[in-house]
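J.: My questions concern the predicted model and sequence given below.
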Amino acid sequence: MDSLEKMTLKHLLDRSVGRFADRPALSMADGEPLTYAEVGERVRALSGILHQRGIAAGDRVAILSENKPNWGIAYFAVTTMGAIAVPILPEFRPNEVHHILRHSDAKAVFISEKQYPKLEDAGIEGLRTVFLMEDFSLVPPQAEAHAFHDLLQAGRREFVRLKESALKLAGKTAFEIGEDDTATIIYTSGTTGHSKGVVLSHKNLVFDVEATLKIQEVNSGDRLLSVLPLSQSYECTIGFLIPMSTGACVYYLDKPPVAKVLMPALEKVRPTLMLTVPLIMEKVYKLKIHPRLTRNALMRKAYGIPAIRKKLHRIAAGKVYKQFGGKLHFFGIGGALLSPDVELFLREGGFPYAIGYGLTETSPLAAGCGPGVTRYRSTGPALPGVLIRIDNPDPSTGEGEIWIKGPTVMKGYFKDPDRTKDVMTDDGWFRTGDLGYLDGDGYLYIKGRLKNMIVGPSGENIYPEEIESVINESDEVMESLVYQADGQLTARVHLNYDELDREFGGRDVDEARLARRILEKLEALREKVNARVSSFSRIKKFIEQPEPFEKTPTNKIKRYLYVSDEKAVSDGTERHT
């Protein structure tokens, strides 16, 4: 691969358009791909239209849409002209969208028809240009619903006129972009309150792309099926910019990746690369795989023998591999800790998985490795050119806060110097707020979030995430949350209600009998978990969480909703032991 003259997204795209002009670049899973040449032409035309609409270098342009080829075209059109892309997660509520548009001072927005109602009553001063993502037609920022389609026809005619003009000027308009210029501002959902706008430069992103390619090969023959939102830095950098840098093709789904949508797409695309969050594989394992491997007493006994378990894992993982198209050579998992039992299944089954670690603030990948050199429970070593250190490590365990330094670390938080100062040292280290340790070979192991750590009665460090991983290994549990209430460790547990339905026949349930059975399960679970954890990590009380935990758009549990004093007290409607 030719080295880039400059680490900018413009140089990255120009190189790929030149090298892979006729190769497929972006496509819906059931559609015909756009070639790199076609992507390049559309990006140039759209950049020209933005320029004609008064968008200049440094201006913020929001992108609010589900995944589709036009998302990537809009992103490149904005960033290759020196403007700043502001991706917004489609799962954000209208008030959150309005906050981001105002805080970022967005002058334009690309928005899908499905997301368009979120602009209603927004009243965003300065927002003058709205493009519909489906065809880039222009509509007024606050079009009334009854007049929307009439305005849309006029917007399409205006787009055609502007496109013809923009293409004529394309070769005459030069956009000068520096490596340290801001490319994007990504508003993180967070788990404890208001979003933060993470400011990333062109060099931040392109360096992360180049460094990642040193640990995992991707080439023009690869196909990536995208199932995570492009507005996340994880999917945007690893699942979009890396394929676009190497001539690979990215395919998108037109609906959420539930089984009836995902399975036909996997069969058609037969991806060689995929990125997921732990929740996806954990559900597959817990609901489909593990119950079959332990469906009767004989199978459970056999499964407890390591040599037999490994053979069973190999057979089951082979079937899953075929279901995923049979061509995968890289199955990336990130965004949260993966359950130990699921990783053991993938590892013993020979599935080509790899776990990466990073944050939006690090563009995002900071540590990782290819499937062939993974280590159980580790995220891998630091990327080439990135430094990782453990601050103030515990002398007995080596555990401490993970600090990161290097070209992938953000410029700061937008309009928030105080918060930036809180996480950045004077000499350029980013305090991640995550706890972990490094082994002798530099492999990183994550323990949990510093803010979630609980100090035990004798000063012991208790990591809720580790206890949750033990709880979640049970077939009876879908997810859990461990926290301290009134000085005692408490676990909220969302049970596997499908299993309960099967046990009780699914209808005409005796509620009193069901309540007793749930209490029995919670008590048995408490005893089982406490037998496996250290004495200072034992759970005093298990509480039933009847509904799934509320999560951020990146599938992390919103812990702050469940650990306050009010939530820690039973209101009489929940079952607990």
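T.: Everything's here; your move. Residues are numbered from 1 along each chain as shown.
J.: Which stretches in the stretch 151-300 of the chain count as strands?
T.: 182-188, 196-201, 223-226, 249-252, 273-276 (DSSP state E, counting those that start in this stretch).
J.: One more: the stretch 301-450 of the chain?
T.: 330-333, 353-355, 357-358, 365-367, 387-391, 400-405, 412-413, 430-438, 444-449.
J.: what would the ones you listed look like in CSV with distance to residue 179 and mean pLDDT?
T.: Every residue, glycine included, has its C-beta placed from N, CA and C. Output for these, formatted as CSV (distance: least, Cβ to Cβ, whole Å; pLDDT from 0 to 100):
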stretch, distance to residue 179, mean pLDDT
strand 330-333, 26, 98
strand 353-355, 28, 98
strand 357-358, 20, 96
strand 365-367, 19, 98
strand 387-391, 19, 98
strand 400-405, 18, 98
strand 412-413, 17, 97
strand 430-438, 19, 97
strand 444-449, 27, 96
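J.: got a markdown table for those, with mean neighbour count too?
T.: What follows is the strands of the stretch 301-450 of the chain, written out as a markdown table (neighbours: other Cβ atoms under 10 Å):
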| stretch | mean neighbour count |
| --- | --- |
| strand 330-333 | 22 |
| strand 353-355 | 23 |
| strand 357-358 | 26 |
| strand 365-367 | 28 |
| strand 387-391 | 16 |
| strand 400-405 | 21 |
| strand 412-413 | 21 |
| strand 430-438 | 20 |
| strand 444-449 | 20 |
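J.: wait, which of those strands is closest to residue 225?
T.: Of all the strands of the stretch 301-450 of the chain, it is strand 330-333 that lies closest to residue 225, at 10.9 Å by Cβ to Cβ.
J.: thinking again about what came up before, including mean neighbour count, could the strands of the stretch 151-300 of the chain go into CSV?
T.: Formatted as CSV, the strands of the stretch 151-300 of the chain follow (neighbours: other Cβ under 10 Å):
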stretch, mean neighbour count
strand 182-188, 25
strand 196-201, 23
strand 223-226, 24
strand 249-252, 25
strand 273-276, 23
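J.: With mean pLDDT and distance to residue 469 as new columns, can those be given to me in CSV?
T.: Listed next are the strands of the stretch 151-300 of the chain as CSV, based on pLDDT from 0 to 100; distance: least, Cβ to Cβ, whole Å:
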stretch, mean pLDDT, distance to residue 469
strand 182-188, 95, 24
strand 196-201, 96, 27
strand 223-226, 98, 28
strand 249-252, 98, 32
strand 273-276, 97, 18
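J.: At which residues are the helices of the stretch 1-150 of the chain located?
T.: Assigned by DSSP state H, counting those that start in this stretch, the helices in the stretch 1-150 of the chain fall at 9-19, 36-52, 69-79, 94-103, 148-169.
J.: Which one of those helices has the poorest average confidence?
T.: Of all the helices of the stretch 1-150 of the chain, helix 148-169 carries the lowest average pLDDT, namely a mean of 64.
J.: Domains in this protein, by residue range?
T.: 9-177+213-243, 249-451, 454-568 (automatic domain parsing).
J.: Quick one: closest of the strands of the stretch 151-300 of the chain to residue 426.
T.: Using Cβ to Cβ, the nearest of those to residue 426 is strand 196-201, at 18.5 Å.
J.: Give me the secondary structure label for the closest residue to residue 481 other than its chain neighbours.
T.: Nearest non-adjacent residue to residue 481, counting by Cβ to Cβ, 6 or more residues apart in numbering: residue 492, 4.6 Å away. Three-state assignment for residue 492 (DSSP: H, G, I helix; E, B strand; the rest coil): strand.
J.: and the gap between residue 492 and residue 7?
T.: 45 Å (Cβ to Cβ, to the nearest Å).
J.: same question, residue 43
T.: In terms of Cβ to Cβ, residue 43 sits 18 Å off from residue 7.
J.: the more surrounded of the two?
T.: Using other Cβ atoms under 10 Å, the more surrounded residue of residue 43 and residue 7 is residue 43, with 25 against 22.
J.: now the domains of the chain in a markdown table, with distance to residue 185?
T.: A markdown table is the format used below for the domains of the chain (distance: least, Cβ to Cβ, whole Å):
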| stretch | distance to residue 185 |
| --- | --- |
| domain 9-177+213-243 | 5 |
| domain 249-451 | 5 |
| domain 454-568 | 16 |
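J.: Figure out which of those is closest to residue 188.
T.: Per Cβ to Cβ, nearest to residue 188 of the domains of the chain: domain 249-451, 5.1 Å.
J.: surely residue 197 meets residue 413?
T.: Yes - counting by Cβ atoms under 8 Å, residue 197 does reach residue 413; the two are 6.0 Å apart.
J.: so where is this structure shaky, pLDDT-wise?
T.: Across the chain, the ranges flagged by pLDDT under 70 are 1, 141-173, 189-194, 506-508, 564-577.
J.: Could you dump the strands of the stretch 301-450 of the chain into a markdown table and include distance to residue 91?
T.: As requested, these are exported to a markdown table (distance: least, Cβ to Cβ, whole Å):
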| stretch | distance to residue 91 |
| --- | --- |
| strand 330-333 | 20 |
| strand 353-355 | 24 |
| strand 357-358 | 21 |
| strand 365-367 | 23 |
| strand 387-391 | 30 |
| strand 400-405 | 27 |
| strand 412-413 | 21 |
| strand 430-438 | 23 |
| strand 444-449 | 21 |
